[in-house]
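**Q** Predicted coordinates and the sequence they were generated for:
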Amino acid sequence: MRETRMKQSKYMRYREAKIYYCLGLSTVKKLAKEAGATIHVGKCVLIDTEIFEKYLDTFRDE
């Protein structure tokens, strides 16, 4: 149920993305930064999931 709620949002925090994408925290931070998917709101960093997922798709094996 929680994963469904998280995915409904366009933005996620690092720790939410870590759980949702089954990646380590440092990997999520690195990939989100490389993708240009990070948004800073005060001290909070959000990941734009649409941009992040498009970037992840570039690693897909054909």
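**A** Sure, I can see it.
**Q** residues making contact with the longest helix seen in the chain?
**A** Counting residues, the longest helix in the chain under DSSP state H turns out to be helix 25-35. Applying CB atoms under 8 Å, 6 or more residues apart in numbering, the contact partners of helix 25-35 are 14-15, 17-18, 21, 23, 38, 47, 51-52, 54-56. Every C-beta, even on glycine, is put in place using the N, C-alpha and C of the backbone.
**Q** Buried residues, it. List them.
**A** 28-29, 31-32, 35 (16 or more other CB atoms under 10 Å).
**Q** Kindly indicate the member of the contacts of helix 25-35 with the most neighbours.
**A** I47 (26 neighbours; other CB atoms under 10 Å).
**Q** Surely that residue and Y11 touch.
**A** Yes. Contact criterion CB atoms under 8 Å: I47 and Y11 qualify, at 6.5 Å.
**Q** which neighbours do these two share?
**A** Common contacts of I47 and Y11, defined by CB under 8 Å, 6+ apart, comprise I39.
**Q** All good on my end, thank you.
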